[in-house]
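Enquirer: Okay, structure incoming, though there's no sequence with it:
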Ligand SMILES: NC(=O)c1ccc[n+]([C@@H]2O[C@H](COP(=O)([O-])OP(=O)(O)OC[C@H]3O[C@@H](n4cnc5c(N)ncnc54)[C@H](OP(=O)(O)O)[C@@H]3O)[C@@H](O)[C@H]2O)c1
């Protein structure tokens with residue numbers, strides 16, 4: 001596990017030790033805290049810090065009930081039923097908070113496609129509510145989670161996340177001269193998150209037939225742990241307005257299928273609307289104002305923030321595109337097999353089970369609905 005200096009959420013004089021410390025506990029608000037990322041984040045923070053309180057903010061009481069049980073009723077966890085669309089409730093939840101991590105979203109590509117106004121309300125208006133409430137409550141640091149689907153978006157989910165990115169980057173302007181900062185992290189499909197492709201492939205493997213939409217498809221590969229790493233690094237490093245992009249390997253969807261079910265027949269069924277062949281994490285335009293910080297890239301803001309260009313990092317070559325098909329780092333079938341074997345894929349409760357096998361952020365790349 002990386003040691004991350006995620007300390008700037010608190011004024012230095014209050015003490016920022018990762019474990020312990022005499023100061024009052026660091027108070028974190030985690031929207032979407034019952035989700036895949038949220039639970040991984042909570043597990044890490046509770047292990048790292050004794051002195052913290054995490055408020056989980058989400059809508060479904062059953063998920064909160066189950067999460068409270070999973071975490072053994074840890075007193076550092078507080079559960080708020082609330083919707084990011086509800087500004088008044090957010091105001092209450094933000095009270096006294098040092099750090100907000102905004103993970104709540106509608107992320108199922110087809111569901112966003114068929115319910116566009118709902119996706120706009122949660123992913124765009126909800127994000128603006130989080131920003132406004134954080135400014136009014138004087139929250140010093142807010143990090144929002146974004147996705148490669150926000151880059152050159154071809155589906156509504158991606159478009160809403162692009163809008164959310166823009167809102168968070170420009171939130172720094174609305175904060176005025178106060179030490180209130182907003183940044184984003186942007187990453188690709190998380191393998192092992194709720195609804196990811198892996199449980200679907202495992203299920204299909206039992207029938208001996210895997211359905212794939214396009215054999216040539218590639219995706220970035222990221223674990224939940226790495227997503228948590230990135231967010232914590234962003235909290236420690238952010239000056240406001242950056243988009244943090246991790247350097248991660250790519251995988252071929254065919255390799256993943258072979259890793260899970262080497263002997264299965266592969267049926268190619270054709271790409272669905274809004275599904276890209278490859279994903280992009282950095283465009284050539286963004287690369288012009290991005291910096292290579294070793295483990296990750298940072299897209300620097302063009303307005304309203306402290307300049308990050310003076311930070312130790314390399315500028316990127318003209319025209320650099322960070323795309324899943326031209327990546328220099330790849331997961332081999334063997335590496336995929338090892339990772340898949342080590343994954344504890346969340347099992348949804350019977351009442352919160354997602355509809356089977358939709359594609360996109362939820363189910364993952366190149367996968368067709370189960371027959
Ligand atoms: N998973 C991926 O592959 C991936 C990749 C890149 C980026 N991301 C981003 O990472 C974030 C977390 O993803 P995840 O995989 O953890 O998603 P997830 O497992 O589906 O969790 C989503 C969370 O958001 C909550 N939520 C949904 N709508 C809400 C609303 N209107 N108000 C308050 N809470 C709401 C859900 O709880 P309730 O339903 O109970 O409200 C749940 O806690 C999302 O922003 C997503 O766009 C995910």
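Expert: Cool, got the structure. All figures in this text were calculated on a predicted structure; none of them were measured in a lab.

Enquirer: tell me which residues of stretch 92-105 are tucked away?
Expert: For stretch 92-105, the neighbour count (16 or more other C-beta atoms under 10 Å) marks 93, 94, 97, 98, 99, 100, 101, 102, 103, 104, 105 as buried. In short, each C-beta sits where N, CA and C put it, glycine included.

Enquirer: quick one, what contacts the first one?
Expert: Contacts were defined as C-beta atoms under 8 Å, 6 or more residues apart in numbering; by that measure residue 93 touches 29, 55, 57, 80, 82, 133.

Enquirer: In which helix or strand does it reside?
Expert: According to DSSP states H and E, residue 93 maps onto helix 87-94.

Enquirer: Show the subsequent helix or strand relative to that helix.
Expert: Per DSSP H and E, the first helix or strand lying C-terminal to helix 87-94 is strand 99-102.

Enquirer: returning to that earlier point: please produce CSV containing the buried residues of stretch 92-105, extended by distance to the ligand and pLDDT.
Expert: Formatted as CSV, the buried residues of stretch 92-105 follow (distance: C-beta to the nearest ligand atom, whole Å; pLDDT from 0 to 100):
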residue, distance to the ligand, pLDDT
93, 10, 98
94, 13, 98
97, 15, 97
98, 20, 97
99, 16, 97
100, 13, 98
101, 9, 98
102, 7, 98
103, 4, 98
104, 3, 98
105, 3, 98
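
Enquirer: what two of the residues you listed have the greatest distance between them?
Expert: Within the buried residues of stretch 92-105, 98 and 105 form the most distant pair, 22.4 Å apart (C-beta to C-beta).

Enquirer: contact partners of the helix or strand harbouring residue 298?
Expert: Using DSSP H and E, residue 298 maps to strand 296-299. Contacts with strand 296-299, where a contact means C-beta under 8 Å, 6+ apart, come from 230, 233, 237, 242-247, 281-282, 286, 289-291, 308, 311, 313, 316, 322.

Enquirer: next structured bit after it?
Expert: That would be, after strand 296-299 and using DSSP H and E, strand 314-315.

Enquirer: Can you check the pLDDT for residue 3?
Expert: Looking at residue 3, its pLDDT is 36.

Enquirer: what's the answer for the one 4 residues further on, then?
Expert: According to the predicted model, the pLDDT of residue 7 comes to 51.

Enquirer: if we can go back for a sec, now secondary structure too, for the contacts of residue 93, in TSV please.
Expert: Listed next are these as TSV, based on DSSP: H, G, I helix; E, B strand; the rest coil:
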residue	secondary structure
29	strand
55	strand
57	strand
80	strand
82	coil
133	helix
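
Enquirer: out of these, which are buried?
Expert: Judged by 16+ other C-beta under 10 Å, buried ones among these: 29, 55, 57, 80, 82, 133.

Enquirer: what's the offset of the helix or strand hosting residue 63 from the middle of its chain?
Expert: In the assignment (DSSP H and E), residue 63 maps to helix 61-70. Centroid separation between helix 61-70 and its chain, computed with C-alpha atoms, centre = their mean, to the nearest Å, is 21 Å.
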